[in-house]
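1. How does the following fold in three dimensions:
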Amino acid sequence: MLGPIMRYLVKARVKSGKERELIRAIDQGRLGRGSIAGDKYLHNMKQARVDVGSVATWVEVCFCDPPLEEEWPYWEEYFDLLSVKDAHSRRNCRHENGTERWACCECDCTNKLEEKLRHQGSSFLESLRASCSGRL
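-> Next up is the predicted model:
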């Protein structure tokens with residue numbers, strides 16, 4: 001079911017033994033292939049951050065209700081999804097609070113949220129590549 005664009009903060013951990021396969025899927029542009037979301041998966045991995053506990057966090061833009069209905073099968077191939085939460089208060093969303101219908105289509109919330117996330121942890125991709133190269 002298609003609804004308004006919502007932003008979610010996704011927290012996930014790469015499944016054990018899927019690290020190299022995930023890197024190959026990203027490098028070959030195959031991650032998310034077949035999804036209506038297109039190359040969003042690759043963008044998300046480039047923007048994702050990782051904490052000291054190896055938990056990756058990214059901002060997911062989604063039209064689905066329930067959240068990640070379309071994306072879930074693509075993510076769960078490589079990740080154990082730990083949480084999916086609203087990235088910001090729906091009260092402040094112009095669409096959700098009734099101020100402006102479909103305001104999300106022209107909103108810069110995603111860029112703002114990704115910029116805020118950039119100051120947390122370290123690059124997920126760099127960390128993933130480093131952990132795999134250490135296992136050669």
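
2. got the contact list for the closest residue to residue 19 other than its chain neighbours?
-> Of all residues not flanking residue 19 in the chain, residue 132 sits nearest, at 5.2 Å (C-beta to C-beta, 6 or more residues apart in numbering). For every residue, glycine as well, the C-beta is placed using N, CA and C. By C-beta atoms under 8 Å, 6 or more residues apart in numbering, the residues touching residue 132 are 19, 20, 23.

3. now that we have those residues, which one has the most neighbours?
-> Within the contacts of residue 132, most neighbours by other C-beta atoms under 10 Å means residue 23, with 20 neighbours.

4. helix or strand right after the helix or strand bottoming out on mean pLDDT in the chain?
-> Among the helices and strands of the chain, helix 109-117 carries the lowest confidence by mean pLDDT, DSSP states H and E, at a mean of 78. Per DSSP states H and E, the first helix or strand lying C-terminal to helix 109-117 is strand 122-123.

5. and that next one, which strands flank it?
-> In the sheet, strand 122-123 lines up against strand 49-50 (antiparallel) (DSSP bridges).

6. Count the residues that sit near residue 92.
-> Residues contacting residue 92 under the criterion other C-beta under 10 Å number 10.

7. ugh, typo on my part, it should be residue 63
-> What residue 63 shows, counting by other C-beta under 10 Å, is a neighbour count of 16.

8. which stretch of helix or strand covers residue 58?
-> Assigned by DSSP H and E, residue 58 falls within strand 56-64.

9. what lines up beside that strand in the sheet?
-> Here, using DSSP bridges, strand 56-64 pairs with strand 2-14 (antiparallel), strand 49-50 (antiparallel).

10. ok, for residue 79, nearest residue in space, not its chain neighbours?
-> residue 12 (3.9 Å).

11. list the contacts for the one you found?
-> 55, 56, 75, 79, 80, 81, 82.

12. got a list of what the third one touches?
-> Taking C-beta under 8 Å, 6+ apart as the definition of contact, the neighbours of residue 75 are 10, 12, 41, 68, 81.

13. With just CA atoms, put stretch 119-134 into PDB.
-> Provided in PDB are the C-alpha atoms of stretch 119-134 (Å, rounded to 0.1, in the frame of the first residue of the first chain):
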ATOM      1  CA  HIS A 119      28.700  12.800  12.900                       C
ATOM      2  CA  GLN A 120      28.000   9.400  14.600                       C
ATOM      3  CA  GLY A 121      30.200   6.300  14.600                       C
ATOM      4  CA  SER A 122      32.300   5.600  11.400                       C
ATOM      5  CA  SER A 123      31.600   4.800   7.800                       C
ATOM      6  CA  PHE A 124      29.800   1.400   7.600                       C
ATOM      7  CA  LEU A 125      31.400   0.500   4.200                       C
ATOM      8  CA  GLU A 126      34.900   1.400   5.300                       C
ATOM      9  CA  SER A 127      34.500  -0.600   8.500                       C
ATOM     10  CA  LEU A 128      33.000  -3.600   6.600                       C
ATOM     11  CA  ARG A 129      35.800  -3.500   4.000                       C
ATOM     12  CA  ALA A 130      38.400  -3.300   6.700                       C
ATOM     13  CA  SER A 131      37.000  -6.200   8.700                       C
ATOM     14  CA  CYS A 132      36.900  -8.400   5.500                       C
ATOM     15  CA  SER A 133      40.400  -7.500   4.400                       C
ATOM     16  CA  GLY A 134      41.700  -8.500   7.800                       C
END
